[in-house]
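Participant: Can you look at this prediction? I've put the sequence above it.
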Amino acid sequence: AILADQIAAGEVVERPASVVKELVENAIDAQSTQIDINIEDAGLKKIEIIDDGIGIEHDDVKIAFKRHATSKINDQKNLFMVRSLGFRGEALPSIASVSDVHLKTSTGDEGTQIHIKGGKIEDIKPSDSRRGTSICVENLFFNTPARLKYMKSLRTELSQISDIVDRLAIGHPDIAFSLVHNHKEILRTSGRGQLKQVIGDIYGAKNLKKIIKISNSDNDFTINGYVSLPELTRSARSHITINLNGRYIKNYSLVKAITDGYGSKLMVGRYPIAVLNIELNPILTDVNVHPTKQTVRISKEEQLCNLVAKTIYDTIYKENL
Ligand code: ADP
Ligand code: MG
């Protein structure tokens, strides 16, 4: 079973940032209002996530670390039909099979703490009853040296972590996030529910004057979000965040639609800061393509891309110049 978990880990847990993503998504699914993320040495030494969510019942703690144990819907073929981010029940067993995990959780009354190392339960006992869950992942990939060898520099791994936390914070303005690396604070959001404020927390409050709202819809799609004016540019596309029905996705055609509307074709190597939230009928999305759930196919994609490009172009060049 541990071997199967390690094989699954190869897909789900590629690097420290994937661990952060899975654990933060679990905290989001648990209806947390505050999620604190503590990282040491770009996550290779330690990843600690503390939430104030619903917690896990004592009897369910061991089960949560079993493969395909999910308290969320698991016969769901289309992940965009559900609002919860997890549904496969793969993350916890995968992570625990390649690291040293301490988890403490409580639903408000009795609490539980468990220690699992390399997929083996070392210890499980009662603990205090602060509602929520804290999970600490240490020595990631200690027993899979081949995987460890593939890690890039600490700087690269940390920037991947910071990137995913930014995107999750953007997708959840109503949750207060903090990200601390080696005792230094990298991000803090207020959780007061304003997307624009989160964008300011990440990209600098002084830039907000140059970031404008976009909003439009047609029969199939509703889009809204923010895009920077051409006077505020970035040299990489990585400052573009796309959420589909509340879920962060990667989609090259949509990124291209955003940069087309922004005018990147004329301003070579200049890209906007942008957040695009798309709402659509889940029927228009394809079933999950990949275990990490980020790459997505959309029917009527061309129609959507045209809407996005036109809305951004019109908003920047017709209404604001
Ligand atoms: P999934 O998220 O796909 O259901 P995971 O392996 O990520 O699978 O988690 C397994 C189960 O453990 C979840 O379904 C949930 O019931 C529980 N769980 C994990 N993390 C948390 C958390 N932070 N708060 C509450 N429950 C959690
Ligand atoms: Mg999960």
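Facilitator: Structure's in. What do you need? Ligands and ions are numbered 1, 2, ... in the order given.
Participant: contacts and neighbour counts: CA atoms only from here.
Facilitator: Noted.
Participant: Give the other helices and strands that the helix or strand where Ile258 lies contacts.
Facilitator: Using DSSP states H and E, the element containing Ile258 is helix 252-262. With contacts taken as 3 or more C-alpha pairs under 8 Å, 6 or more residues apart in numbering; DSSP states H and E, helix 252-262 sits against helix 301-313.
Participant: so how far is the helix holding Ile258 off the chain centroid?
Facilitator: From the chain centre to the centre of helix 252-262 is a distance of 21 Å (C-alpha atoms, centre = their mean, to the nearest Å).
Participant: Please apply the same query to stretch 203-218.
Facilitator: Distance of stretch 203-218 from its chain centroid, counting by C-alpha atoms, centre = their mean, is 21 Å.
Participant: thinking Cys136 is in contact with Ala96, fair?
Facilitator: No - using C-alpha atoms under 8 Å, Cys136 makes no contact with Ala96, being 10.3 Å away.
Participant: and the two? which has more neighbours close in?
Facilitator: Ala96 (28 against 20; other C-alpha atoms under 10 Å).
Participant: which parts of the helix holding Ile258 are buried?
Facilitator: Leu254, Val255, Lys256, Ala257, Ile258, Thr259, Asp260, Gly261, Tyr262 (16 or more other C-alpha atoms under 10 Å).
Participant: Phi first, then psi, for whichever residue of the chain sits closest to ligand 1.
Facilitator: Closest contact between the chain and ligand 1, by C-alpha to the nearest ligand atom, is at Gly89 (3.1 Å). Note on Gly89: backbone dihedrals following degrees, to the nearest 10 are phi 60, psi 40.
Participant: any idea of the pLDDT on the nearest residue to Ser190 once chain neighbours are set aside?
Facilitator: Distances taken as C-alpha to C-alpha, 6 or more residues apart in numbering put Ala176 closest to Ser190, at 4.9 Å, once the chain neighbours are dropped. On the pLDDT scale, Ala176 is placed at 98.
Participant: domain assignment for this structure?
Facilitator: 2-188, 205-318 (automatic domain parsing).
Participant: what comes up buried for stretch 30-41?
Facilitator: Within stretch 30-41, judged by 16+ other C-alpha under 10 Å, the buried ones are Ala30, Gln31, Ser32, Thr33, Gln34, Ile35, Asp36, Ile37, Asn38, Ile39, Glu40.
Participant: go on, stretch 270-281?
Facilitator: Arg270, Tyr271, Pro272, Ile273, Ala274, Val275, Leu276, Asn277, Ile278, Glu279, Leu280.
Participant: From the buried residues of stretch 30-41, pick the one nearest Ser217.
Facilitator: Of all these, Gln31 has the smallest distance to Ser217: 28.9 Å, by C-alpha to C-alpha.
Participant: Tell me if the closest one really is in a strand.
Facilitator: No - applying DSSP: H, G, I helix; E, B strand; the rest coil, one finds Gln31 to be coil, outside a strand.
Participant: Leaving out chain neighbours, which residue sits closest to it?
Facilitator: For Gln31, the spatially nearest residue (C-alpha to C-alpha, 6+ apart) is Gly53, at 5.2 Å.
Participant: what's the pLDDT at that neighbour?
Facilitator: On the pLDDT scale, Gly53 is placed at 98.
Participant: That one and ligand 2: what is the separation?
Facilitator: Using C-alpha to the ion, to the nearest Å, Gly53 is found at 14 Å from ligand 2.
Participant: try Glu122
Facilitator: Counting by C-alpha to the ion - Glu122 and ligand 2 are separated by 22 Å.
Participant: Show me the two of the buried residues of stretch 270-281 that sit farthest apart.
Facilitator: Arg270 and Leu280 (29.3 Å).
Participant: Noted, bye for now.
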